[in-house]
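S.K.: Sequence and computational prediction follow.
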Amino acid sequence: MKKTSIVTLTGLLSAAAIVLSALESAIPTEGLLPPGVKLGLSNIATMFAAFSMGLPSAAAIAAVKGVFALLTRGGMACLLSLCGGCLSALAVSLLARADRKGRLGFTGISILGALSHNAGQLVAVMLITSPAAAAYGPVLAVSAVVSGTVTGVLLKAVWPYMKRIETGIRTAARRKTGPAHIDKGEKHDRKAGESRTRPGRSET
């Protein structure tokens, strides 16, 4: 994929991640989910980036989500978002590259990514507050399995539509660079034609 297409798609996915984060924050989950636990719907965008473009794009989206958390919920939320998001992006990118045969699938990789995300956040909380925060680990592990399953299923459902968007971006990028390539080709053909008809040469 060309650099222009990667930047464009990463920007669109970042915007989608912010919208999903905002929508998820607006949904009341008190009594339904443990404190501090979210479904992580915005991770759909990060996972698609990891599968389609690799770690740099996935990490960029995680960074954008961190900035959004800083602006809306403060410094601590930003730190936790970055710690969890970047570790999850790394895990998903590596797993997506390693799982060539698709044995883990979207759901398996999503669960492992969610576990990595919660682990990164838990370690950050332990370093900032107290090692006693590790007692919350089992709750985060169970919630990671649930949220990872939901995210993986949703990613599989929207995958064809997201791939169409990616294909459209690639096609648009090719159309922009197409005329330049055609002009170069025409110049080359013109020069080749002139050399074949240059005076002073005779054909036998």
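M.R.: Structure's in. What do you need? From a predicted model like this one, the values you see are computed outputs, not experimental measurements.
S.K.: Residue 102: neighbour count?
M.R.: Taking other CB atoms under 10 Å as the criterion, the count of residues near residue 102 is 9. All C-beta atoms are positioned from the backbone trio N, CA, C, and that covers glycine.
S.K.: would it count as being in a strand?
M.R.: No: under DSSP: H, G, I helix; E, B strand; the rest coil, residue 102 falls outside any strand and is assigned coil.
S.K.: start at 59 instead
M.R.: I'll keep to 59 as the first residue from here, and by that count the last item is residue 160.
S.K.: so who does it touch?
M.R.: For residue 160, the contact set (CB atoms under 8 Å, 6 or more residues apart in numbering) is empty.
S.K.: Residue 152 now?
M.R.: With contacts taken as CB under 8 Å, 6+ apart, residue 152 has the following neighbours: residue 113.
S.K.: Quickly find the element holding it.
M.R.: In this structure, residue 152 is located in helix 133-156 according to DSSP states H and E.
S.K.: Send me stretch 95-110 as CSV with only the CA atoms.
M.R.: As requested, C-alpha coordinates have been extracted for stretch 95-110 and formatted as CSV (Å, rounded to 0.1, in the frame of the first residue of the first chain):
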residue,chain,number,x,y,z
VAL,A,95,-14.0,-2.1,32.4
LYS,A,96,-15.2,-1.2,28.9
LEU,A,97,-16.1,-3.3,25.8
GLY,A,98,-13.4,-1.5,23.9
LEU,A,99,-15.3,-1.1,20.6
SER,A,100,-12.7,1.4,19.4
ASN,A,101,-10.2,-1.4,19.3
ILE,A,102,-12.0,-2.6,16.1
ALA,A,103,-10.3,0.2,14.3
THR,A,104,-6.9,-0.6,15.8
MET,A,105,-7.2,-4.2,15.0
PHE,A,106,-8.1,-3.5,11.4
ALA,A,107,-5.1,-1.3,11.1
ALA,A,108,-2.9,-3.9,12.6
PHE,A,109,-4.1,-6.6,10.2
SER,A,110,-4.1,-4.4,7.1
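S.K.: List the buried residues of it.
M.R.: For stretch 95-110, burial by neighbour count (16 or more other CB atoms under 10 Å) applies to 95, 97-110.
S.K.: now do stretch 152-163
M.R.: Buried residues in stretch 152-163, counting neighbours by 16+ other CB under 10 Å, are found at 152-154, 162.
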